[in-house]
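J.: Provided below for reference: sequence and predicted model.
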Amino acid sequence: MAEITFLGTSHAVPTKDKNQTAIFISHGAENILIDCGEGTQRQFKIAGLNIFKLTRILITHWHGDHILGLPGVLQSLALGNYSKTLQIYGPRGTKRHMEQMLSMFVFQEKIKVEVHEIQEGVFFENQDIQLEAYSMDHGPPCLAYNLIEKERYNLSMEKLKKLGIEPGPILKKFKEDGVLKVKGKTINIEDYSKIVPEKKVSIILDSVFNENCINAAKNANILIGEACFLKSEEQLAFERKHLTAGQLGLIAKRGRADKLILTHISQRYSARQKDVLSEAKKVFKNSELGHDLMKIKL
């Protein structure tokens, strides 16, 4: 089961309560950071998360409030003798931007990094999860991301223990093969488990309203999206290629999402966050405001 931690929920400028954008998703051996605003390495500590378990960083786009924390995270990992190869993904131009960023700083130590420029579609998959990207309209190349938790079998240990089977490597093999020989008899996984359906979290951070937002959010169990503006400033939102809270609610509604969490809230609404939430709820009732250090499970 995926656990989502909001490390930063502000817009371009942090506030005393909200750090710049960063969302951390943990699922099994995969620990994935989506965007890395300034101060993200400190947010890891405050949230009680182990930054050295980080496996992948997904960049939505290269505006400063989404990437200014990258040098600090890389430095922390290097000073702590991070032993893995960090996988970094982003839209067109990410390799050039990474090279330029790394050339600006003198790191005492370095870590192994692989940088991937990706387009729409699935870009990572293992036995448990799948990551996919959708193109957004924000000016510079920009992506929305989905994490899909694959349909899986939840084994009934009560039934299996009656056959003398205890937790261990044998259960992994059972899940992989779908059959298992026990005391000369072949048993099928369908008879000793129930199916846990596919689940999906969609993350749409910066974009003007467009149909691909709805495509990305389709049937999401949790949609996390930017709500930078209110409807009263819809023209400004359009000019700056951002979403209003109401438009985000419409994306959730048309995408048939189960739950909507609003993030990337502009500092101009620091004292009016209830208005942001109210506007979204008028369109999509099951909406909630995200806040720094908030944790939810998929």
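T.: All right, it came through fine.
J.: what residues does residue 208 make contact with?
T.: Contacts for residue 208 (C-beta atoms under 8 Å, 6 or more residues apart in numbering) come out as 137, 138, 237, 238, 241, 242, 243. C-beta coordinates here come from the backbone N, C-alpha and C atoms, glycine included.
J.: out of the residues you listed, the closest to residue 94 would be?
T.: Taking C-beta to C-beta as the measure, residue 94 lies nearest residue 138 of those, at 14.7 Å.
J.: just read off the phi/psi values of the closest one.
T.: Backbone torsions of residue 138, given as degrees, to the nearest 10, read phi -140, psi 10.
J.: that one against residue 204, yeah?
T.: No. Judged on C-beta atoms under 8 Å, residue 138 makes no contact with residue 204 at a distance of 10.3 Å.
J.: looking at the two, which one has more neighbours?
T.: Taking other C-beta atoms under 10 Å, residue 138 and residue 204 do not tie; residue 204 has more neighbours (30 against 23).
J.: I'd like the distance between the more buried one and residue 23.
T.: For residue 204, the distance to residue 23 (C-beta to C-beta, to the nearest Å) stands at 11 Å.
J.: equivalent analysis for residue 266, please.
T.: 17 Å.
J.: more neighbours, these two?
T.: Of the pair residue 266 and residue 23, residue 23 is the one with more neighbours under other C-beta under 10 Å, namely 26 against 21.
J.: would you agree the more buried one is in contact with residue 2?
T.: No. Under the criterion of C-beta under 8 Å, residue 23 makes no contact with residue 2, lying 11.4 Å away.
J.: what do residue 204 and residue 23 both touch?
T.: Joint contacts of residue 204 and residue 23 (C-beta under 8 Å, 6+ apart) are residue 224.
J.: next, count neighbours for residue 161.
T.: Residue 161, neighbours per other C-beta under 10 Å, totals 11.
J.: with residue 243 instead?
T.: Residues near residue 243, counting by other C-beta under 10 Å, number 30.
J.: swap in the one 5 residues further on?
T.: Using other C-beta under 10 Å, residue 248 has 33 neighbouring residues.
J.: before I go, just wanted to say thanks for your time.
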